[in-house]
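K.L.:
coordinates only, no sequence provided:
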């Protein structure tokens with residue numbers, strides 16, 4: 001056997017703790033902020049390779065010993081993963097994802113893909129997992145430190161925030177408290193993520209203003225459903241005109257709404273992303289219309305119209321107008337352009353037409369909106 005020993009003179013692990021040292025999700029023995037699966041994974045991988053991982057303490061020294069076979073003679077053919085096994089794993093993963101999609105649709109039948117979720121998490125692996133999982137259902141931004149995350153929330157005004165407790169520059173509790181003190185961010189739902197699963201830290205999370213507190217590693221089904229519930233609850237409680245979202249529609253256009261679908265297809269997301277890019281490039285062109293958009297997408301007008309309406313829940317013409325209006329709202333908030341300049345900058349043929357569309361969409365005139 002090949003032996004690898006790692007030793008230091010740290011605090012040490014008590015005999016009672018050693019009994020569960022290699023069990024999953026064990027928190028708070030020596031290091032703070034861990035997920036509680038590192039030693040478990042290392043131990044299981046060593047056993048999988050016909051080796052072992054052990055811990056011992058010699059006087060004031062802690063010693064972890066990893067043992068692995070020196071050659072491949074100890075392995076059987078059954079130890080190696082076959083193509084069939086790999087394909088079976090992929091099929092299991094596909095079925096599990098389909099089940100999760102179905103469950104999410106039952107909880108939230110209307111599409112939430114346009115909603116922004118900000119993740120504040122300093123661990124790269126956890127950030128990647130969260131982005132991949134949550135990004136399937138929402139638009140995601142990630143920040144690796146507390147200060148950049150806090151500023152990102154203030155700038156982007158997301159529909160929800162996922163915030164780690166243990167961050168390199170500040171703790172998550174202070175971020176939530178600060179967000180709750182500001183008018184534009186105080187009502188944004190926040191879920192705190194942490195490996196600190198004791199009651200004291202949970203109480204501290206709720207006292208700081210968090211809406212929920214989940215222990216890592218997360219049950220992703222539960223996390224996604226909770227995100228859906230909090231966003232839906234928040235939208236039902238208030239929809240301030242100063243925070244326009246993609247799916248907003250005036251009473252005059254609600255009749256053309258169909259039930260949008262939850263977009264999980266990568267191809268469909270790419271379709272919408274390309275469409276948004278072309279719209280962004282032609283905001284100031286009053287002649288830019290759905291026919292030109294379909295041409296740029298290299299799709300026939302009828303096919304494009306049907307596909308866009310299926311994914312958006314509204315006609316592409318209405319969507320184009322809404323995007324222009326949302327861009328106009330952003331420019332008005334910046335306060336650097338006059339209302340007339342904003343109207344032409346976003347492709348409206350006249351300030352009068354812009355005023356009428358804006359009021360129908362947001363329920364307030366551009367002049368009143370710019371004063372908020």
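P.N.:
Received it, and whenever you're ready, just let me know what you need. Here the structure is a predicted model, which is why all the values come from computation and not from measurement.

K.L.:
mind listing what's buried along the helix or strand containing residue 151?
P.N.:
Secondary structure here is read from DSSP states H and E; on that basis residue 151 sits in helix 146-156. For helix 146-156, a neighbour-count test (16 or more other C-beta atoms under 10 Å) marks 146, 149-150, 152-153 as buried. All C-beta atoms are positioned from the backbone trio N, CA, C, and that covers glycine.

K.L.:
who does that helix touch, helix- and strand-wise?
P.N.:
Using 3 or more C-beta pairs under 8 Å, 6 or more residues apart in numbering; DSSP states H and E as the contact definition, the elements that helix 146-156 packs against are strand 116-120, strand 139-143, strand 160-164, helix 172-181.

K.L.:
residues touching the helix or strand that contains residue 53, excluding its own?
P.N.:
Under the assignment given by DSSP H and E, the secondary-structure element containing residue 53 is strand 52-58. Applying C-beta atoms under 8 Å, 6 or more residues apart in numbering, the set of residues contacting strand 52-58 from outside is 12-13, 18, 21-22, 39, 42-43, 46-47, 62-67.

K.L.:
what about the nearest residue to residue 117 once chain neighbours are set aside, neighbour count?
P.N.:
The shortest distance from residue 117 to any residue other than its chain neighbours is 4.5 Å, reached at residue 138 (C-beta to C-beta, 6 or more residues apart in numbering). When neighbours are defined as other C-beta atoms under 10 Å, residue 138 has 20 of them.

K.L.:
how many residues are close by residue 72?
P.N.:
Using other C-beta under 10 Å, residue 72 is surrounded by 9 other residues.

K.L.:
from residue 48, how far off is it?
P.N.:
As judged by C-beta to C-beta, to the nearest Å, residue 72 and residue 48 stand 14 Å apart.

K.L.:
would you map the strands across this structure?
P.N.:
Per DSSP state E, the chain has strands spanning 2-8, 52-58, 61-68, 116-120, 139-143, 160-164, 190-194, 212-215. These are given in chain order.

K.L.:
for those strands, could you give me CSV that also reports mean neighbour count and mean pLDDT?
P.N.:
Shown next, in CSV, are the strands of the chain (neighbours: other C-beta atoms under 10 Å; pLDDT from 0 to 100):
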stretch, mean neighbour count, mean pLDDT
strand 2-8, 11, 94
strand 52-58, 14, 91
strand 61-68, 16, 93
strand 116-120, 23, 93
strand 139-143, 19, 91
strand 160-164, 26, 93
strand 190-194, 24, 88
strand 212-215, 19, 84
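
K.L.:
could I get the ones you listed as a markdown table with distance to residue 333?
P.N.:
Putting these into a markdown table (distance: least, C-beta to C-beta, whole Å) gives the following:
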| stretch | distance to residue 333 |
| --- | --- |
| strand 2-8 | 54 |
| strand 52-58 | 56 |
| strand 61-68 | 55 |
| strand 116-120 | 16 |
| strand 139-143 | 19 |
| strand 160-164 | 20 |
| strand 190-194 | 23 |
| strand 212-215 | 30 |
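
K.L.:
which one of the buried residues of helix 146-156 is nearest to residue 204?
P.N.:
Of all the buried residues of helix 146-156, the one sitting nearest residue 204 is residue 146; the distance, using C-beta to C-beta, is 15.7 Å.

K.L.:
for the closest one, which residues are in contact?
P.N.:
The contact partners of residue 146, by C-beta under 8 Å, 6+ apart, come to 120, 167-172, 174-175.

K.L.:
so residue 118 touches residue 143, yeah?
P.N.:
Yes - contact between residue 118 and residue 143 holds when scored by C-beta atoms under 8 Å: they sit 6.8 Å apart.

K.L.:
intersection of neighbour lists for these two?
P.N.:
149, 152.
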